[in-house]
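Asks: requesting a structural model of the entry that follows:
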Amino acid sequence: MTGKHLAAVALRGLTLTSLTLSAGAQTLQPAASEIVFVSKQMGVPVEGRFKSFSLPGFRFDPRKPEAAQVAIQIDLRSASMGAADVEAELAKPEWFDSKRQPMAGFTAQSVKALGGGRFELQGPFVLKGISKPLAVQLQLTPAGLASGQFTLKRGDWQIGAGEWADTSIVGAEVVVKFKFQFSGMAPL
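Replies: Modelled structure (predicted):
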């Protein structure tokens, strides 16, 4: 893989275009939902997507956030960056190591209302078998759109190890953006 393609891989990290949901009256609309990750290679933003993810047992009532059940599972093998050689590189141990560790995930252990349809979810994020606490800000609209973003330091999860650990080539931070469109969400 060329450095140019690898940079695109590192910058496009996480996007989800397919999702399953088990949520009673709340139904995820996969075509309007996604998880995208953006990093920088030599200062240029590069974006990627995941084609497969799930929210198993999802339950969220914005009027009772403390009772929420939010977990996201991402199939790292579904990473898409638009080039087969880049996607093959992402599967390698230096990047996602998706043959040994095919899933990444977040499980909210607490959900706190911040007002104005904003919430903070806290819990462990697991990637490549490494678990670290993460706080995720979420904005919920009356139309049932849940969106937000958070930033990961790729070195914390050994993403882009070895020769790719140099942050002057591939930036140290990866911004993960998500939007999940639901129907049947309780009103704010």
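
Asks: just how off-centre is stretch 126-134 within its chain?
Replies: 12 Å (CA atoms, centre = their mean, to the nearest Å).

Asks: equivalent analysis for stretch 58-66, please.
Replies: 20 Å.

Asks: repeat that for stretch 38-49.
Replies: So, by CA atoms, centre = their mean, the centroid of stretch 38-49 is 15 Å from its chain's centroid.

Asks: keeping just the C-alphas, turn that stretch into CSV.
Replies: Below are the C-alpha coordinates for stretch 38-49, written out as CSV (Å, rounded to 0.1, in the frame of the first residue of the first chain):
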residue,chain,number,x,y,z
VAL,A,38,-11.9,11.6,10.1
SER,A,39,-8.2,11.9,10.6
LYS,A,40,-5.5,14.0,8.9
GLN,A,41,-2.6,12.7,6.8
MET,A,42,0.0,15.3,6.2
GLY,A,43,-2.6,17.9,7.3
VAL,A,44,-5.3,16.7,4.8
PRO,A,45,-8.6,15.3,6.2
VAL,A,46,-9.3,11.7,5.2
GLU,A,47,-12.7,10.1,5.9
GLY,A,48,-13.8,6.5,6.2
ARG,A,49,-17.0,4.6,6.9
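
Asks: buried residues in that stretch?
Replies: Within stretch 38-49, the residues that qualify as buried are 38-41, 46-49, counting by 16 or more other CB atoms under 10 Å. C-beta: built from backbone N, CA, C; applies to glycine.
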